[in-house]
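Engineer: can you look at this prediction? I've put the sequence above it.
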Amino acid sequence: HVVLTRALMPLLVAGGGARVVSVSSIGHLRAGIQWDDPNYLTRPYDRWEAYGQSKTACALFAVALNARQSGRGVFANAMNPGGSMTGLQRYMSQDELRAMGWLDADGKLPAHWRTPEQCAATSVWLATAPDLFEPIAANLESAGLAGDDARIVLEKPIGHSLDSALEINESIGAVFPESRIYRIDHYLGKETVQNLMALRFANALFEPIWRAGHIDNVQITVAETLGVENRGSYYDNAGAMRDMLQNHLLQLLCLVAMEAPVRFDAESVRNEKVKVLEALKPITGNDVQDKTVRGQYGAGQIGGHDVQAYYFEKNIDNDSDTETFVAVKAEIDNWRWAGVPFYLRTGKRMASKRSEIIITFKPVPHMLFSKGETNRLVIRLQPEESISLQLMAKAPGKGMQLEPVELDLNLVHAFSSTRRWEAYERLLLDVIEGDSTLFMRRDEVEAAWRWVDPILRGWHSHYRKPRPYPAGTDGPEQAHQLIERQGSRWRQ
């Protein structure tokens, strides 16, 4: 941990500006800027992504670009333990890197970049296992890197249970005040997620019908075609509930269900999100069996290629009962949402990669025509970012034959002249500027765990083994039955 706090804290400043450090247990690309080279400000962002080892690393580089252009002077990096260079070597020669002062004669970061005195105003991003948060924070303090201007960014998950989250929050809070702790969820940095707030609170059209009297159900799906890849050791101890639903999906639920904040600032927005989490109806006892579904992918095909079952993946126990899929019927006990089910679904090795929110409205009170479907608002987060409203319209020709049509807002096309920011890029710039609006507050994280923990305990006490589903499908059959009981179905 001393290595993490001293060797991985290089100088990240140009002319007294802010700086960002990423400490990663995996190790990504170190990205930096030579301020005197104007070409660094004109090279396309996508070109850097092509040479990066991860989008995280490229987002860090884009943070540096944006900060330089706006005069904030940021240098951002992510590196392997020991300070060794990685992916950037594929783009520049060792000689070029030495000439620019990024490497010393041994191919390491220059020694004078690692002194605590030069890192007094540092934002430290911990992309590590949560059990490392406490010792790293303690060592940051002992190394003089937790001063009045220092900020710390914690990557999810924040613990693996309510008790562990409380312990982490207490230990980090002993070093950094809450105002300088940034619990990051990259989904909140996506343009479409933020457009959800604009859609709700900047347009008079939806507010009167954004409630139980007009909405039948809400679906939130985050589906992946990938398996666990190289994260087997972590994932087998986490599962889909801890890895995805407890953070990403519940954050999306909050943005859909929250009341309008009195102001668009950090405390006002997060106050409303906490109210939603505290209003979630507990799922305990037999409700765990009726309102949740666990799944685990078996062998199947993805994109025409055979893939193996989860329990044959690298670093996975062959007898593992970890879920790679989870579906939950959630309910919010308040005046706006009473009686409206929120169906949450996430899984790996599914039929397609997509993240979307579906608002299904109630049917018209009296159907005049022979055929009709309910209106739906579809908010797509990935792979494309768009918002569409499904309406019924008359098809050309004789009679009143109705067909669903979509009013589409493609955010990429609508703002084609503006470069779209990566989620991490936006969020890290917010850290530098001290804006915590899009980050989770302590009570927010703890309220989410308070709702999730009884479900995890219920699975354990009832020994609910995951339901098998073939890779390349939309999850186990029981997940379809969960939503079909109400007469609805998952959007395919």
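Structural biologist: Yes, it's here.
Engineer: would you agree L428 falls within a strand?
Structural biologist: No - judged by DSSP: H, G, I helix; E, B strand; the rest coil, L428 forms no part of a strand; its state is helix.
Engineer: can you report how many residues lie near it?
Structural biologist: For L428, the neighbour count with other CB atoms under 10 Å is 29. Yep, even glycine has a C-beta here, placed from its N, CA and C like the rest.
Engineer: with G298 instead?
Structural biologist: Going by other CB under 10 Å, the residues that sit close to G298 add up to 18.
Engineer: P470 is in contact with that one, correct?
Structural biologist: Yes - with contacts counted by CB atoms under 8 Å, G298 reaches P470, the gap being 5.5 Å.
Engineer: which parts of the stretch 51-200 of the chain are helices?
Structural biologist: 55-69, 94-99, 133-142, 162-173, 191-201 (DSSP state H, counting those that start in this stretch).
Engineer: going by mean pLDDT, which of those helices comes out lowest?
Structural biologist: Among these, helix 55-69 has the lowest mean pLDDT, at a mean of 42.
Engineer: next one: G397 from E403, what distance?
Structural biologist: 11 Å (CB to CB, to the nearest Å).
Engineer: more crowded one of those two?
Structural biologist: E403 (12 against 7).
Engineer: helix, strand, or coil at that one?
Structural biologist: Relying on three-state DSSP, one would call E403 strand.
Engineer: okay, it and V445: tell me how far apart.
Structural biologist: 45 Å.
Engineer: next one: I181
Structural biologist: 10 Å.
Engineer: who's more crowded, these two?
Structural biologist: Between I181 and V445, counting by other CB under 10 Å, V445 is the more crowded of the two (27 against 21).
Engineer: surely that one meets L162?
Structural biologist: No - V445 is beyond contact range of L162, at 9.4 Å (criterion: CB under 8 Å).
Engineer: intersection of neighbour lists for these two?
Structural biologist: Overlap of the contact sets of V445 and L162 (by CB atoms under 8 Å, 6 or more residues apart in numbering) is empty.
Engineer: neighbours around the closest residue to Q308 other than its chain neighbours, how many?
Structural biologist: With CB to CB, 6 or more residues apart in numbering as the criterion, Q308 has its nearest non-adjacent residue at 5.7 Å, and that residue is A299. For A299, the count of nearby residues is 15 (other CB under 10 Å).
Engineer: cool, the one 5 residues further on as well?
Structural biologist: Around G304 sit 6 other residues, with neighbours defined as other CB under 10 Å.
Engineer: got the phi and psi for it?
Structural biologist: Dihedral angles phi and psi of G304 (degrees, to the nearest 10) take the values phi 80, psi 0.
Engineer: what does W459 give?
Structural biologist: Torsion angles, degrees, to the nearest 10, at W459: phi -60, psi -40.
Engineer: so who does it touch?
Structural biologist: With CB under 8 Å, 6+ apart, W459 has these contacts: V288, T292, R294.
Engineer: ok, those vs A414, which is closest?
Structural biologist: Checking the contacts of W459 against A414 by CB to CB gives T292 as the nearest, at 37.9 Å.
Engineer: and the closest residue to the closest one other than its chain neighbours, helix, strand or coil?
Structural biologist: Using CB to CB, 6+ apart and skipping the chain neighbours, the partner closest in space to T292 is V328 (5.0 Å). At V328 the chain is in strand, as set by three-state DSSP.
Engineer: how about W337, what does it touch?
Structural biologist: R211, A212, A257, A279, E331.
Engineer: quick check: ChimeraX command selecting the buried ones in those.
Structural biologist: Buried members of those, defined by 16 or more other CB atoms under 10 Å, are picked up in ChimeraX with:
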select :257,279,331
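Engineer: just the contacts of W337 now: which is nearest L199?
Structural biologist: Among the contacts of W337, and counting by CB to CB, the member closest to L199 is A257, at 13.8 Å.
Engineer: next one: the residue nearest to T292 from G295, what distance?
Structural biologist: For V328 relative to G295 (CB to CB), the value is 12 Å.
Engineer: do the same with S268
Structural biologist: On the measure of CB to CB, S268 and G295 end up 38 Å apart.
Engineer: compare neighbour counts for those two and give me the winner.
Structural biologist: G295 (27 against 13).
Engineer: follow-up on the earlier one: in strands, which of the contacts of W459 fall?
Structural biologist: T292, R294 (DSSP state E).
Engineer: and of the contacts of W459, the nearest to S352?
Structural biologist: Using CB to CB, the contacts of W459 come closest to S352 at R294, 21.0 Å.
Engineer: tell me the pLDDT of the closest one.
Structural biologist: 95.
Engineer: ok, how many other residues are close to L391?
Structural biologist: For L391, using other CB under 10 Å, the count is 13.
Engineer: in the sheet, who's paired with it?
Structural biologist: Taking DSSP bridges, one finds V405 as the beta-bridge partners of L391.
Engineer: residue ranges with poor pLDDT in this structure?
Structural biologist: 1-104, 107-122, 372 (pLDDT under 70).
Engineer: which residues of the stretch 251-400 of the chain fall in strands?
Structural biologist: 292-298, 300-302, 305-307, 325-331, 341-347, 354-361, 376-382, 386-394 (DSSP state E, counting those that start in this stretch).
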